[in-house]
Structures are given as structure tokens and as C-alpha cells.
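Participant: Fold the following and give me the result.
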Amino acid sequence: MPEILVVEDDQTLNRLICDQLARHGHSVYGSRSLAEMQAYLNAHEPSLVLLDARLPDGNALERIPELAEEYPIVVLTAFASVADAVEAMKAGAVDYLAKPVRMDELLISVDRALSQAALARDHHFCKRQLAARRGAKNGGGLVGHSAVLRRVQETIRAVAPEDITVLIHGESGTGKELVAQSIHQHSPRSERNFVVVDCCTLQKDLFESELFGHEKGAFTGADRQKKGLIEAAEGGTLFLDEIGEIDEAAQAKLLRLLETGQYRRLGGTRMLKADVRIVAATNRDLEAMARTGEFRADLYYRLSAFVLAVPPLRERREDIPVLAEHFLRNHDFSCRVSKQWTQQAIRKLVAYEWPGNVRELRNVVERAIILSRDSRKIRPEHIVFGTREPEHPGAVRLVFEHQPTLEEIEARYLADLLERYSGHRSKVAEVMGVSERSVYRMIRKYGLETLSRPKAASS
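Facilitator: Reported below is the predicted structural model:
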């Protein structure tokens, strides 16, 4: 049932309008001032606002631009001047009625405004669906229309057909894996597998076995032959994520693979030919690491046959509303109500610096969906960036703006520990009583990669 807010200071007229609308099947609430109106809007979401232009506590016309972003507005006034009508309609009102108001005209105006609002919602939904299809078709999963993102997409289309090694560089959370997938999808290998190797989570002593496979009896517990990820990617693309994290021994074996195109299973003697395209990604400066000896220079030059830089989200701010809408559309679960962003909420998202980039934005959107509960609108107060009070020595203090979920508590606790121990995952793992691999997975889950490096290394 449509809910209508009537804001009219004349008590008799207010009651008359409310009674008429209630008889026609509407849920109606009457208020007599801007203050009463705001108190109601803080707790409710009407389908329509009937607004008297002149109220005891202010000029309601000045509030129309803000209100019209969220609700259809029909203005009522005793001052039926052309100037007032023009001002109201320019400000965003959908209709304008002069007092004394005829009830038949009022009902027609209300029905028209509600119908227009419903059509606008349908149009908005169709635009969202069309944007999703266009994004999936043209961007390979990369969402946005900024000039800088278009350049990335053009580079992908240029390099994808060439069967060369690609090194993708970008901050954590920028979507490097999506770029790698897009390269694969636009390549002649697109019909074959795209296999991800997460170099951070592979234990050092298992890297060779996972990548190259092993023969039966190669080591204790190897009771049967196992094919490696290279064979799983046969004819397709092998994506080496966070390549800067592998140790010196693994670097040497990977270099041999890139130089010869051949490899041996662990414990084996027969050379196998690798028919895969290598795409690697890192958020570290591999060139600087190669100069200091932290990373093999010869491997770096092999990997960097073509380097593709992925921009941070703060350099493509015009994509933030598109991405926020994309994540909202794909996580709204089609339950309860179809949600929309308010303009104030979008402005808050665009103004933020996004140190965790697109992954952080996705997390913020999912949190906003939960915090907005059954509301149709996602407002600025539903957007939580996880700001914390300054850390006090001797204790980890968690600060929340609302009743937190267990996941939010875990994320905040992890962020505090990473900050305290300068990003050293091994120390954080020791304090939390879990493995370093578990800490890394939690860091990825909560988009905290920017905190997971020692401060000295990132300066």
C-alpha cells in the first residue's frame, strides 16, 4: 500500500487531505511543520510527499532539491504565482497544486505521481540490467566507463591475441585477477582452462608439487602420481597471483619453465612440455626488487615481456557509482525490497580514498545492504568505512558505529593487529593462534592487503 506524507500547517486542510487519501486506499501520515516532516522521514520511507510551500518553521521550497532525490514531491501553496510554480518544478517537484485544493484534482495528481515513480523505478531497474549485460560483454567483468578503464580494456584486447607472458601490476584490490581473466577470455586459448595459482597461500615446500605435480613416492605421503596445475591449465592460461611472494628456489624453477617451456614432475625423470600461457600479477615493485636482489632479475625480465598497469580506484572515481550499483545489483538477493542508492550516499562513496580499492568497495556495499535492513534506500549512515580511534598502547581497542557482526569484529581485530605489528603476518598469526596462511586468507577476505606489508617496505 502506498504511503503518503502530507505536510500542511492548516490543521483542517491537513485532516481533510489525509481522510480523502485514506478512503482511496492509501496509508497516510500528516505533519504540520518541517521539523515534524524530518522526524517522520528519519524513520519512514513514503512513496510520495505532499508539501505545503510555506510552513511555520521555514520555506519548504528550499528543501525540494534534497527531498526530490528520494521522493516524488507534489507542492501545495496558497501563493499560486507563476514564479513559485517554476521554482518548485525546477527544484524537482513532479506537480504543483494551488489552494484551495480540489479533491478530485488532488487525487488525479497523486495517482499520476505514484505511477510516474513506479515507471522511474522500472526504468532504473532496466538500466541496471542493461549495464550489467554491457559490462559482461564488453569489459570481461571489468565494470566502469572511465577513460582510464577504457585504456586498460583496449590494452587487454591488444595483448590478448598475442601468446606472450603478461605481468599485471596494481595495488591490492584493484581487480588484477579480473584483468587476467579478461586476457584469457579474449585470447585464442579462451575455450581451455584458466587456472589460478595463489602464490601467497602455497606453502614453500609444496610449491613445486602443486605447480609441476609429483610422481608416486616422490616424498613421504606421495602414495600416487599427481598432475600439477600446469597440466590442469593445458592449452589455457596459468595465472600466477602475487608472484612477488615466491621464494628463491621457486623462482629458479619457474624461470626454467619460462626459458625452456618444459618441466619435470617432482620425483620424475621425464621432461614434459608445457602448453600454457603465463600471466602473473603483483602489487609489489618487482623491478626495484630485482635491482636489490630480492627477486631474480632474469625471471623479472621473462615475466615482464608485457606489463599492464591496473589503476587504483581513486584514479577512476567516475566508476565508483557504476561499481556500487553493480555490487548492489549482484548482492541484493532479490529479497524484501529492491534497494537504491541515495545521491548523498553516492557522494560519500565517491569522496572516500579507497585504500583497499574495488575489493574494499564491494565489502562496504555488502555491509551497507545489511545495515539498511528493509529500507528501499541506502543512505550515508549505512556506509561504514571501518574508521578507528587512535590506537592506545597496551590494548587493542575496537570501535564501532553500530552493533557489529562477528565478521566485523574479526575484521577490525585483524586490522588492529596488522597495524600494531607493522603488517608482519607471521607475528599476527602468532598472536591470533592461527597459521600464517589463515591470516593471509582473512586479509584477502576483508580487503586488508594495504595493512599487510611492513611499513618500511611500502614507503
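
Participant: all contacts plus neighbour counts: C-alpha atoms, from now on.
Facilitator: Fine.

Participant: Show me how the record splits this protein into domains.
Facilitator: Using automatic domain parsing, the domain parsing of the chain gives 3-122, 147-311, 314-458.

Participant: Tell me the pLDDT of the spatially most central residue of the chain.
Facilitator: Nearest to the geometric centre of the chain sits residue 362, at 2.4 Å (CA atoms, centre = their mean). Listed pLDDT for residue 362 reads 91.

Participant: Which residues are in contact with it?
Facilitator: Contact partners of residue 362, counting by CA atoms under 8 Å, 6 or more residues apart in numbering, are 324, 327.

Participant: Quick check: it vs residue 321, distance?
Facilitator: Note on residue 362: its distance to residue 321, by CA to CA, to the nearest Å, is 12 Å.

Participant: Report the secondary structure element holding the residue nearest to the centre of the chain.
Facilitator: helix 357-371 (DSSP states H and E).

Participant: Beyond that helix, next helix or strand please.
Facilitator: Of the helices and strands lying after helix 357-371 in sequence (DSSP H and E), the nearest is strand 377-378.

Participant: Which is the succeeding secondary structure element to that next one?
Facilitator: Remark: after strand 377-378, the chain's next helix or strand is helix 406-420, criterion DSSP H and E.

Participant: Can you tell me how far residue 370 is from residue 320?
Facilitator: Distance of residue 370 to residue 320, computed by CA to CA: 20 Å.

Participant: quick one: which of these two has more around it?
Facilitator: Set residue 370 next to residue 320 and count neighbours by other CA atoms under 10 Å: residue 320 wins out with 24 against 14.

Participant: Setting aside sequence neighbours, what's the nearest residue to residue 89?
Facilitator: residue 95 (7.0 Å; CA to CA, 6 or more residues apart in numbering).

Participant: isn't the one you found right up against residue 75?
Facilitator: Yes. Counting by CA atoms under 8 Å, residue 95 touches residue 75, with 6.4 Å between them.

Participant: who's more crowded, the two?
Facilitator: Neighbour count, other CA under 10 Å: between residue 95 and residue 75, residue 75 has more, with 25 against 18.

Participant: Assumed the more buried one was part of a strand.
Facilitator: Yes. Under DSSP: H, G, I helix; E, B strand; the rest coil, residue 75 falls within a strand.

Participant: OK, contacts around it?
Facilitator: Applying CA under 8 Å, 6+ apart, we find residue 75 in contact with 50, 51, 52, 53, 88, 93, 95, 96, 97.

Participant: now the fourth one: how far from residue 28?
Facilitator: Separation of residue 53 from residue 28 (CA to CA): 19 Å.

Participant: which of these two has more neighbours?
Facilitator: With neighbours defined as other CA under 10 Å, residue 53 and residue 28 compare such that residue 53 has more, 23 against 19.

Participant: Now do the residue nearest to residue 340 when sequence neighbours are not counted against residue 344, distance only.
Facilitator: Distance criterion CA to CA, 6+ apart; nearest residue to residue 340, sequence neighbours excluded, is residue 377 at 5.0 Å. With distances taken as CA to CA, residue 377 is found 11 Å from residue 344.
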